[in-house]
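> this one's structure only:
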């Protein structure tokens, strides 16, 4: 029977991946299975993972996620080292995106990811042309997300089951090259005075829209 301690401080050294909730060392007979991490069982698990994955090895978590990732990808332009990228990666993990594509600078700010990138497939493309080429090879339409002229409100737009959701940066939004590479452009309907919402919030809304249409059945 699963018998974890609720107090992460009872172990001699909790895992470095600290979250607001964790469990202490395993109490009772050790469980069987090669997905368990002996060190976590011994010391406790304070990682930012759902309860299903408590005490699992990181590689085992990734392998299990790979059996049930969704068919959409997420791409983010990274020209200005946007702080929102990490938060978008975290949301991509939460909604079980297939892969996150970083377009532009290879280095990106991981702070907002809360180490969820360890469990998420991440690819780098040096520019939009490289992303577009990869998308064509894999027969994935690119759906750009930006509140520009001609964009279709997401509640009325088609979000293909297999696609790449492409997001721009806080402030400038998507580059002209990104908009040109897209098969369609969608926007989030807004009702207040602000012209735009935070980039990471917008990404989470669009991912949830995809989930409502293709996974929440």
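Noted; the coordinates are in hand. Quantities reported herein were computed from a predicted structural model and do not represent experimental measurements. Numbers count the residues shown, from 1 in each chain.
> any idea how far the closest residue to residue 141 other than its chain neighbours is from residue 32?
Excluding its sequence neighbours, the residue lying closest to residue 141 (C-beta to C-beta, 6 or more residues apart in numbering) is residue 183, at 4.0 Å. Every C-beta, even on glycine, is put in place using the N, C-alpha and C of the backbone. To residue 32, residue 183 is 48 Å away according to C-beta to C-beta, to the nearest Å.
> just give me the neighbour total for the residue nearest to residue 141.
Residues near residue 183, counting by other C-beta atoms under 10 Å, number 14.
> hmm, residue 143 and it touching each other?
Yes: taking C-beta atoms under 8 Å as the contact criterion, residue 183 and residue 143 are neighbours in contact, 6.7 Å apart.
> which one is residue 213 nearest to, not counting chain neighbours?
Leaving aside its chain neighbours, residue 213 sits nearest to residue 159 (5.9 Å; criterion: C-beta to C-beta, 6+ apart).
> model confidence for the residue most central in space within the chain, exactly?
With distances taken as C-alpha atoms, centre = their mean, the chain has residue 92 as the residue nearest its mean C-alpha position (1.8 Å). On pLDDT, residue 92 comes in at 98.
> list the contacts for it?
For residue 92, the contacting residues are 74, 100, 120, 203, 207, by C-beta atoms under 8 Å, 6 or more residues apart in numbering.
> next one: residue 56
By C-beta under 8 Å, 6+ apart, the residues touching residue 56 are 35, 36, 37, 40, 49, 64.
> which phi and psi does the third one have?
Residue 37 has phi and psi values of phi -100, psi 120 when expressed as degrees, to the nearest 10.
> that'll do, ta.
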